[in-house]
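Engineer: what shape does this take:
(2 chains)
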Amino acid sequence: MLRVPAVATAVILAVIALYWGHASIDAARKLDAIGAVPSRGDYRVQLDFAPERFHQQRLQDRGRLVEVRDRTVFMRDVGADDLRAIAREYWVSAIDRWSAP
Amino acid sequence: MTPQIALPATAGATRWAWRGSRALKGVAGVLLLLLAWQVSVPLVGMSAYFYPAPADVVTAAVDLVRKGILPVYLADSLGRYLTGLTIGAGLGIALGVFIGLNRTVALALSPLLKFMFAIVEVAWIPIFVVWFGYGIRTIVLALIYVVFFPVLYNTLLGVRTAPQALVNAVRSLGAGPLQVIRLVILPSALPGMITGLRVGAGFAFRGLVFAEMVAAKTGIGYLIFEGAQSQQTARTIVGMIVMGLLWLAIDQFYLRPIERATIQRWGLTVDAEQRT
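Structural biologist: Residues are numbered from 1 along each chain as shown, chains lettered A, B, ... in the order given. Predicted structure coming up:
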């Protein structure tokens, strides 16, 4: 009787688990370029497209957004956990260190 | 092979064939609409801002997924929806049972509930914004309000129409008030509760779109609103389609099976033959 809701829930949970697994692997790959992650740092976040308000707001929640240039967002004072959260976003293509002027 | 074994297999195959034929007809209807829409675009001759083609809408949907906007908005909307639905249904069931069992409380609360029911959630949202600000609290409160009344009234109806003969029978066997509620009243009210939940879930969906348009910066309702504001009409249509598909999925995979299971397995229904 409740087989359909159970199967639907299992499918949803499986998709979420797959997404989380993929995001974790992808985040580790993006952070490889940085090496050891300091407790706070300044970073350049690369996207495959010009960031919209949505992306700027999501990034602002994780640090201080100082500049957007074409497809790159420059951020300061990003904590280690916030950096990992940014790296997990699949629309972030690359992250590297940036020395703020 | 004996006929007794062959018959259920034939019945099963017929049922699947019937379901398949129904699904095909449904898909054909959708495809026909899409075709008519696509063909009408050059005939109408308006810009994509006024009248986007299905291809524009598909491109916008792919773009929203690629940029990570649609998954986040969908998750936010679903989270708000489920929270509002759960709390609203819980309150509606609890108060429905309480009022249904207590005549004095029913008389005291009835005018107030009727009055509040008449004030639609749309009218409450501006004042919720003043009290709780923009964000999840306002949206969830609006959804609780929308779900609460259909669940309350249907639960109340279920409690009040519990077969008196069964109540008396259980009492005569020595059951206390709590046992009467557990064994007769709640199973009798269950189909009503589920019907109320289904109605409330539908209302909540509409409430969600409006609440997100007014009081959110994320969500499918916000996508619909923001798409129109920023002249990205294709995004608005994507939001509308996602909303429709989401409701179909919730109804098909959750509400309908739960309603069927509740009424068939746990619901106490007395048919006309049994009543006479």
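
Engineer: what pLDDT does the model give residue 10?
Structural biologist: Picking chain A for this. In this model, A:Ala10 is scored at 96, pLDDT.

Engineer: please go with chain B instead
Structural biologist: B:Thr10 is assigned 69 on the pLDDT scale.

Engineer: so which bits of chain A are right by chain B?
Structural biologist: Within chain A, the positions near chain B by Cβ under 8 Å from any Cβ of the partner chain are A:1-5, A:8, A:48-49, A:52, A:54-55, A:57-58, A:89-91. (Each C-beta comes from the backbone N, C-alpha and C, glycine too.)

Engineer: buried only: go through the residues you listed for me.
Structural biologist: A:4-5, A:8, A:54-55, A:58, A:89, A:91 (16 or more other Cβ atoms under 10 Å in any protein chain shown).

Engineer: so which of the residues you listed is the closest to B:Met213?
Structural biologist: Using Cβ to Cβ, A:Phe54 is the member of those that sits closest to B:Met213, with 16.3 Å.

Engineer: what about the residue nearest the centre of chain B, distance to B:Ile125?
Structural biologist: For chain B, the residue nearest the mean C-alpha position is B:Ala201 (2.4 Å; Cα atoms, centre = their mean). Remark: distance between B:Ala201 and B:Ile125 (Cβ to Cβ, to the nearest Å) = 19 Å.

Engineer: same thing with B:Leu143?
Structural biologist: In terms of Cβ to Cβ, B:Leu143 sits 11 Å off from B:Ile125.

Engineer: same check on A:Leu13?
Structural biologist: With the distance defined as Cβ to Cβ, A:Leu13 ends up 33 Å from B:Ile125.

Engineer: the more surrounded of these two?
Structural biologist: Taking neighbours as other Cβ atoms under 10 Å in any protein chain shown, A:Leu13 and B:Ile125 compare with B:Ile125 leading, 21 against 10.

Engineer: which element is the more buried one on?
Structural biologist: In the assignment (DSSP states H and E), B:Ile125 maps to helix B:121-132.

Engineer: buried ones in that helix?
Structural biologist: Within helix B:121-132, the residues that count as buried by 16+ other Cβ under 10 Å are B:121, B:124-125, B:128-129.

Engineer: nearest residue to the residue of the stretch 51-200 of chain B found nearest chain A in space, please, no chain neighbours.
Structural biologist: Using Cβ to the nearest Cβ, B:Gly68 is the residue of the stretch 51-200 of chain B that sits closest to chain A, at 3.9 Å. Take B:Gly68 and drop its neighbours on the chain: the residue closest to it by Cβ to Cβ, 6 or more residues apart in numbering or on different chains is A:Trp91, 3.9 Å away.

Engineer: angles on the backbone of the one you found, please.
Structural biologist: Dihedral pair for A:Trp91: phi -80, psi 0, per degrees, to the nearest 10.

Engineer: tell me the contacts of it?
Structural biologist: A:47-49, A:55, B:66-68 (Cβ atoms under 8 Å, 6 or more residues apart in numbering or on different chains).

Engineer: and the gap between B:Phe225 and A:Val4?
Structural biologist: Counting by Cβ to Cβ, the gap from B:Phe225 to A:Val4 is 33 Å.

Engineer: actually A:Lys30, not the one I wrote
Structural biologist: Noted for A:Lys30: a distance of 39 Å to A:Val4, by Cβ to Cβ.

Engineer: got it, and A:Gly35?
Structural biologist: Taking Cβ to Cβ, one finds A:Gly35 at 49 Å from A:Val4.

Engineer: ranges for the strands of chain A?
Structural biologist: Assigned by DSSP state E, chain A shows strands spanning A:40-47, A:64-69, A:72-79, A:92-97.

Engineer: and the last one with strand A:72-79, angle?
Structural biologist: Which is strand A:92-97. 60 degrees (axes from the mean of the first three to the mean of the last three Cα atoms, to 10 degrees).

Engineer: and for strand A:92-97, what's in contact with it?
Structural biologist: Applying Cβ under 8 Å, 6+ apart, the set of residues contacting strand A:92-97 from outside is A:30-31, A:33-34, A:41-48, A:83, A:86-87.

Engineer: for the stretch 51-200 of chain B, what lies in contact range of chain A?
Structural biologist: Residues of the stretch 51-200 of chain B lying near chain A (Cβ under 8 Å from any Cβ): B:66-69, B:72.
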